[in-house]
Structures are given as C-alpha cells and as structure tokens.
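1. Sequence plus the predicted model coming up.
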Amino acid sequence: MSENKTPIDDDKIIEGYEYDGITELDNPCPKWLMYIFYFTAFLAVFFLGYHFGSNSKNKIVESYVKKLKDAQLQQTKAVVEQVPEVSESELAALLQEPAELTSGEEIFVDKCALCHGEFAEGLIGPNLIDNYWIHGTGKISEIAITIRSGIPDKGMAAWQDRIPEENILQIAAYIKSLKGTQVENAKEPDGELIED
Amino acid sequence: MSASNDSSSGFVQVKYNDEIVRMFTLATIIWAAVAFLVGVIIAAQMAVWQLNFNTSWLTFGRLRPLHTNAALFAFAGNAIFAGIYHSTQRLLKTRLCSDVLGKLHFWGWQFIIVLAAITLPLGLSQGKEYAELEWPIDIAVVLIWVVFAINFFGTLLKRNEKHMYVSIWFYIATIVTVALLYIVNAISLPISFFKSYIVFAGIQDALVQWWYGHNAVAFFLTTPFLGLMYYYMPKAANRPVFSYRLSVVHFWSLIFLYIWAGPHHLLNTALPEWLQTLGIVFSVMLWAPSWGGAVNGILTLRGSWNLLRTDPIIKFLVAAITFYAMATFEGPLLSVKAVNSLGHYTDWIVGHVHLGTLGWNGFLTFGIIYFIVPRLWKTELYSKKLANIHFWIGILGILFYYISMLAAGITQGLMWRAIDANGNLVYPDFVETVIRIVPLFFSRAIGGVLFLAGFVLLLYNVYKTIKQAPKDLADETVQVKGASFAVSHSERGHRKLEGMAATFTILALIAILAGSVIEVVPTLSISKYVKTENKVEPFTPLELAGRDIYIKEGCYTCHSQMIRTIHSEELRYGAASTIEESMYDRPFQWGSKRTGPDLARLGKKYPDLWHYMHMENPRAVIKESIMPAYPWLISSKIDFENLGKTISLFKKLGVPYSDKDLSDAKTSAKTQALGIAARLKDQGVKEEMSDKKITALIAYLQALGQKGAQ
C-alpha cells in the first residue's frame, strides 16, 4: 500500500466526461470477474437444459416420492424389529421395580403431564388414576399401545417415534401403579368401568 | 427557476436546493433511531418472551412488521431521497425541478410513516411481508412515489449536463421498478376503510409477493444505494471510478437478472418446478454482476488506501461495500436448492438479510451522513473520533448479529432434518430445537444493542455538528456552462444512450419487464397448475374470521403453512403441501420463517382446549415455549358483522361459495362458534366463549390441512 496518491501505471482517465468532479478510468472489467460470470452462466444453461430438456417436468416431486418410499421401507422394518412381544405378566414385574417406576414417572411428568396433569388427574386429556378406561381395559400392554400409536382423533400424539420402547413400558407401568390414588380436583371419570 | 443567464460568458448560475436534502437527512436519522430501537426490542422478545408484556400492540407479531417497514421505508427510504436529491442536482448541474413538489414529497412520506407506525401495532395489516400497509396507505405511497418521480425526471429534463453519470442510471431503474413492483403487489379489494384482501390467491400471491419481496431488496436496498455509492465513494476518496466499462456491464446485467430471482424464496415448495429453476439460475448468475458494483467501488480507492486508516467516512463506505460483497455471495449460495433446504425458514436468512441491511445499507448511509452533514450545514464534523468509535462498535454489532444468526440457523436446520438409524426424527419436539438456539437469540440482541449504541454516537455527533453550524445556510451556488447539448463527440453506443434520458428509461423498463412478464403472467392463469379433480373446500365464515385474526396478530412472522418436499418435513408435519390447498388463500400464508413449527396440517392434531390453553399461555401446554401469550383473544369479541362482506368479496373472486353461504354467513358463523364454545365448556372452560375471538381462531386452526386436496 502506498502512502501517496501515486497513479497506477495502466490507469487512463477517460477525457471529456466529468460529473461534479468525478472522472472515470478506462479500465476493462476484471478478467476474474468475467470468468465468474461465464462460470455461473454455464451452470445456468446446464441446469436449464437439465430441467427443460427432459420429459419429466417435476423432478423434485419424483425424487421426493422415491426417497420417501425408501425411508418408509426402512422404517417399517425398524419398527417391526423394535417392538418385542412381552406378556402382561412380564410387564407386571415392572411394578415391583422402583427404579423402573421412577424413570416412568420422570418421563410422564416431562411429556404427559401437560395434558394429563402432574398426578395424572386429567386436564386436557382424561384422568388416568381411576377404574374407568376409554381405550382398552387398563392393562400395561394396552396403555403402552395407546402411548405408542396415540389417539389422533382426540388429539393425543403417537409417541413411538419420540420415546424409546423401553421408556414407553416404564410410563405404562407407572400409570398402572397410580390406580386408585386420590388427587384433589381430579377430572371426572370417563369411559367404561373396569373391575378387576 | 433560480438560474439566471449570464449571456456574455455563456455561463449559468445554478443554486442547488439544499434545504430539501437537509430535511431528508434529519428524517433519515430520526427514523433510523426508531427502526433500530424496535429491532432491538423484537430481538429481545425472542430471547425473553416476557418482553411481549401480554399486550397486543407490544407483541412480536405486530412489532416485527413495524420494524421491517420502518427500516425499509422510513430509514432506507429517507436516506435514498436525501442522497438522490443531493447527488442528482450536482451530477446534472441543475436545481431540483420543483421545490414545492420536494416539500410535498417530504411531508407526504413522513405522514405515511406516521400512519404506518400507528396502524401496524394496531394490527391493521394486509399480511404480506414488507407490504403490510393497508390499502389507503398503499395509495398514499404510490401517489408520493409519483411526486418523487415527477420531480426527478423533471430535474433530468432541465439538466445542464448532457450525459447521465452511472448514479443516475441506477436512480432511474429504482424509480421505475419500485413503482411497478409496489402497485402490482398491492392490488387489493377493500371491504372497509381498514380491511382489504389481496386479489391474488395462493400460488399467484406467493409468486407476486416474492417477486415484489426480493426486488424490494434489489430495487430499494440495492440499486439506489449502488447509485449513491457511485457518487459518494469517488467524492469522499477524491479518486476516479475504477472502470467505466464495468459500470455499464454490471448495471445492465444486474437490473436484467435481478427481477427473475424472486422464486428462490419458494424453493422445495408447491411452486411449479420451472419457476423454481428460473429462480435458482438467475440468482446464481447474479453473483458476478453484484460483485461488479463492489469491485468498482473498492478499486476506486486504489492509490488512496491510506485513507482507510485515517478517514472514518472511507471506513464506513469500504466496510459497507465489503458487506455488500459478502451478502451478494451468500445470496446465490442460499439460492442453490440443497443449501436452501437447510437454510430456508431458519435464522440464517435473518442473518443474511441483516448482513445487507445493517452492513451495506446502514454503513453506507452512515458514511454518507458523515460526509454530507458538515457540507450541508457548512461546518466541520464535530468529532472524527466519535465517528471512528461508531464505526468499530457498529462492526462489532454486525458481527455479533450475523454470527449468532448463522450459527442459530444452521444448528436448527440440522436439528430439524436429523433422522436416526431407525428412520425417526432425532428431535421430534419442535421446542427442543428452539431451546438450543435461545442463547444465540441473546447474543443477537447484544449485537443489535451494539449497533444501536454506535448509532447513538452518530446522533450526538450530528447534533453537535449542527449546533455549531452558522445561522445562514445559503444554498450552494455554482457557475455552470449551459447544457452543451450541441457539442458532439460523434458518440456511439452507450455514450450516446447516456445523453438520451427517455430512451434510457424505456430500455431500463424493458430490461425489468422481461423477467416480470415471463414469470408472473403464466402464473396468473392459475388453473393450469391446479388439478381440478382435487376438490378443496373453502373456509367457513367463522374460520375466515379466525384467519383474519391470524393475519392481524402476525402469526405468519413465526409460523409457515407450507410443508416442503423434504422427507424430514413429512415426518414432522405430514404430507407435503399442494398447490390446491392454498388456492383460495388471500393472502397466501406460506410464511418465510419458522420460529415455531409449520401449521399447514395443524387441524385436529390437538383438542380445542389445548388451543385455548396454548393461546392463553403457551407455557401451560409446552413448558419451554417462547411464544407470546394472547390473553386478549379470550376477552375481545368476534366481528360477525363484516363476514358477509368478506364472503361476498371472495365469491366474486371465484371462491365457490353458494348464495346460501353468503346469506347465512353470520348465522353459520354463530352456530359453529356455539359448537366450539360448548366443547370448551365441556372440557372445563368456565366463561362463555361463543362470541370471543379465541373461538374463531380455534375454528381456523382446527381447519388447517382439513380441507382436502392433500
């Protein structure tokens, strides 16, 4: 960088044109800039040809549908592998494991309490502490099914993609363990009375 | 007017109108303070939701349009007018065509800004980004713009300089194009003095909106500022412009290519693919023409690099041009479909925009203010040191802002699309991706505060400078040779064109019409893209009332209604949105930012009570939500009276409502509201909700994605 206003060698001021004291130099457009332009123009022509030259006019949607199919195949496989058959009696064993129930409670308070209340007393969703059940008969395996697939018609989300299977069973067991607890202002019973 | 002939020498005495420039300069500074302050407030609201204060007119959704409109029309607008009036008179060696029109222009424009500042917080909005102003104000904007155009072209006609310098070319392109964009995008039909609906629907509106929106950036924030740069950079540096030929090439390529780029705001959406393709290729081709301006600006400093160390004005101008170069490289990059799929709807875009507005428009304007204030008030700048501090605080502010938003955008974009080995979303709860970037909202707000703090120094510096100005501020007077139209250089090509103002203007108009016509006109025959066998039910009257509330509260500033053709979006939100689904939407609500999740398929996902609780206090159902609360929707009443007018208007515009729909509009709305209110009561809401706004909004939200054609 020079300290003085030394003129650059090839600079030539265009004579005869001056605007409020501003003059212009007769420099060409920088070569590298022109190369950038040619490069982008080449890309443009190539991409336009790719789009307008082929029979398909909607490659986005086509490639999207294909990707989606692949993904769905992979997903069904994964879900099938993931959910093992567990009998109700095996699940009932969870009720004797304080660690499992505590873990279930933590997740319940985090994810479920917003709709079912902090003590499962019911809020937007039904209460889960009485003997009345709207879906299923209150078995741990049935509660787990409801958690997994949700009740879309009534606004309950399907949780199987968001909560690992192991935790779903813990939540279901935790809910089962709450049966008969008394909470003030609990939502009134809904569904069928199940005696066991 | 004030020119007097001195026939003996052939010289003319010209007195410039500097008063009008001083007025616009002061307006620029005052409105900049407002625009920046509101910007800092809404940035803070994103970091701390409590700052929405549960108050309708202080809530983000209403203040965000105020911020964008103030920054665009009040700050940038006044800066453009000040700079154009100052430089044009000098470049054309003549006084402004009409002082009276100048005053009308000034006061008209300030009046419009005041109206905007009142109506936007009240929620009077057309719901189109950067074009929210309601129809009476739209008309005022157009009228005042015409006053400006008459004054500018009038000045051009009485010029004493045969050739138009490159700045003037950019001003011409600006005036012509902004008029076209603004008028077409604002075509709407009113149902009352305060409410109108845009005539374009769904995909048409999407395309017209972003043809306008992107070219607001191009022809309001780029071309006029390039024109200013071409005047003030060589003036401040006292150096010749680097290359005349580059000016010619990049001017024409820039204005021709820019107008096509709008669809890059709608990539991977339901927009027909040929339009997306055009949007991409023209955006990518804009890289070099944009850099042409930056190169010509920076290389003008060749031989005077030392000024960069000593002169704060040069610092501001060079930094502005550098930010311009960064933003115009990032723009084409973000227009590439793959990059766009990551960046779109995230804060990256917000960062990108502010790189341009804070860096390019802001810093260029500050440089110009420091340049012209001492000249206009005939004194020295009060403190060069304060200007230098302003520069460094400002730079720090921009960097804080941009880096925060870049990091937030990329982080959130990656979280949205993360899929685990089983093909499930890694972060299925949207709020998880928000919590992660809240710290960056804080650092962005700090960036905004720094930028504002720097500006306060300018405010003080300008105040002190004006205070020390002499009482008598006579207009600058120069002796000019009368127009040397007779002197012929036997010119050819562009030089010849530079002497022909009318021809030049027509050619510029043709250049910007080409892309406009090719992209917009085919889309207006919307039936071509809508499969008629896919029946879509229009919204019920109550749902429309809810939709009006959605627009009034500015929900579109944080929520999109467009599920893109991207796998992770299908997993999160449901099947990709189709053209048909929004075919009756006036205005379209595809959105441009997801601070909250997409709502295209929200309907029936949650019970009515969930929405009631969520609007009353979002934290009641989503603990970590940063959404403002909307308690006033629970206490204020639905306007049933205007529903008939709305339905009637939509029916005229082709929405398939029957005569019965029209005559029963009010009753049907009340019946539907009673149903929702009864359900809410069932679920435990104590007060009667059937006539409250919340009920209409719930009706609308529950209808999203439930009208067929998926």
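-> Here it is on my side, so go on.

2. Tell me which helix or strand the closest residue to B:Val141 other than its chain neighbours sits in.
-> Excluding its sequence neighbours, the residue lying closest to B:Val141 (CB to CB, 6 or more residues apart in numbering or on different chains) is B:Ile112, at 5.8 Å. From N, CA and C alone the C-beta is placed, and that goes for glycine too. Element membership of B:Ile112 [criterion: DSSP states H and E] is helix B:99-119.

3. So for that helix, what gets flagged as buried?
-> B:101-102, B:104-106, B:108-110, B:112-113, B:115-117, B:119 (16 or more other CB atoms under 10 Å in any protein chain shown).

4. which one of the residues you listed is nearest chain A?
-> Ranked by distance to chain A (CB to the nearest CB), the buried residues of helix B:99-119 are led by B:Gly102 at 19.5 Å.

5. low-scoring stretches of chain B, by residue?
-> By pLDDT under 70, the low-scoring segments of chain B are B:1-9, B:482-489, B:526-534.

6. Okay, domains of it per the record?
-> The record's domain parsing of chain B by automatic domain parsing lists B:12-472+B:512-518, B:541-703.

7. The last one close to chain A?
-> Yes - with CB under 8 Å from any CB of the partner chain as the threshold, domain B:541-703 lies in contact with chain A, specifically through B:565-567, B:570-571, B:576, B:604-607, B:609-610, B:613, B:620-623, B:683-684.

8. Ends of that domain, what's the gap?
-> 12 Å (CA to CA, to the nearest Å).

9. longest helix of chain B?
-> Ranked by residue count under DSSP state H, the longest helix found in chain B is helix B:430-467.

10. is that one up against chain A anywhere?
-> No - Helix B:430-467 lies apart from chain A when judged by CB under 8 Å from any CB; the minimum separation is 10.0 Å.

11. Need the residue closest to the centroid of the chain.
-> Since no chain was named, I'll use chain A. Closest residue to the average C-alpha location of chain A: A:Arg162 at 8.7 Å, with CA atoms, centre = their mean.

12. please go with chain B instead
-> With CA atoms, centre = their mean applied to chain B, the nearest residue to centre is B:Tyr130, 4.1 Å.

13. just checking, that residue touches B:Asn69?
-> Yes - between B:Tyr130 and B:Asn69 there is a contact at 7.1 Å, judged by CB atoms under 8 Å.

14. okay, and the common contacts of these two?
-> Counting by CB atoms under 8 Å, 6 or more residues apart in numbering or on different chains, B:Tyr130 and B:Asn69 have no common neighbour.

15. Where does the residue in the stretch 1-150 of chain B that chain A sits nearest to fall, secondary structure wise?
-> Nearest to chain A in the stretch 1-150 of chain B, going by CB to the nearest CB, is B:Arg90, at a distance of 4.3 Å. Under the criterion of DSSP H and E, B:Arg90 resides in helix B:77-92.

16. quick check: angle from that helix to helix B:99-119?
-> In terms of direction (axes from the mean of the first three to the mean of the last three CA atoms, to 10 degrees), helix B:77-92 departs from helix B:99-119 by 160 degrees.

17. Spatially, what comes nearest to A:His51 if we skip its sequence neighbours?
-> The spatial neighbour of A:His51 that comes closest, neighbours along the chain excluded (CB to CB, 6+ apart), is B:Thr277 at 4.4 Å.

18. again with B:Ala600
-> Distances taken as CB to CB, 6+ apart place B:Gln561 nearest to B:Ala600, at 4.4 Å, with adjacent residues excluded.

19. rewinding a little: chain center to the longest helix of chain B, what's the gap?
-> Here helix B:430-467 is found 19 Å from its chain centre; the criterion is CA atoms, centre = their mean, to the nearest Å.

20. ranges for the strands of the chain?
-> By default, I'm working from chain A. According to DSSP state E, chain A carries its strands in the segments A:132-133, A:192-193.

21. You answered for a different chain; I wanted chain B.
-> Along chain B, counting by DSSP E, strands occupy B:4-6, B:11-15, B:188-190, B:196-198, B:477-481.

22. what would those strands look like in TSV with distance to chain A and mean neighbour count?
-> TSV is the format used below for those (distance: least, CB to the nearest CB, whole Å; neighbours: other CB atoms under 10 Å in any protein chain shown):
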stretch	distance to chain A	mean neighbour count
strand B:4-6	20	11
strand B:11-15	12	17
strand B:188-190	31	16
strand B:196-198	27	22
strand B:477-481	9	14
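
23. can I get those in TSV with distance to B:Val281?
-> Output for the strands of chain B, formatted as TSV (distance: least, CB to CB, whole Å):
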stretch	distance to B:Val281
strand B:4-6	54
strand B:11-15	47
strand B:188-190	32
strand B:196-198	28
strand B:477-481	46
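
24. about what we covered before: return the residues in contact with the closest residue to the residue nearest to the centre of chain A other than its chain neighbours.
-> Counting by CB to CB, 6+ apart, A:Arg162 lies nearest to B:Pro428, which is 4.3 Å off, once chain neighbours are set aside. By CB under 8 Å, 6+ apart, the contact list for B:Pro428 reads A:161-162, B:571-572.

25. Make a markdown table from those and add distance to B:Leu96 to it.
-> Shown next, in a markdown table, are the contacts of B:Pro428 (distance: CB to CB, whole Å):
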| residue | distance to B:Leu96 |
| --- | --- |
| A:Asp161 | 66 |
| A:Arg162 | 65 |
| B:Leu571 | 60 |
| B:Arg572 | 56 |
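
26. Among those residues, name the ones in helices.
-> Among those, DSSP H puts B:571-572 in helices.

27. Please report how far the residue lying closest to A:Met34 once chain neighbours are set aside lies from B:Ala294.
-> The shortest distance from A:Met34 to any non-neighbouring residue, by CB to CB, 6+ apart, is to B:Ala288 (7.4 Å). Using CB to CB, to the nearest Å, B:Ala288 is found at 10 Å from B:Ala294.

28. circling back to that earlier point, reformat the strands of chain A as CSV; add distance to chain B and mean neighbour count.
-> Formatted as CSV, the strands of chain A follow (distance: least, CB to the nearest CB, whole Å; neighbours: other CB under 10 Å):
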stretch, distance to chain B, mean neighbour count
strand A:132-133, 17, 18
strand A:192-193, 19, 11
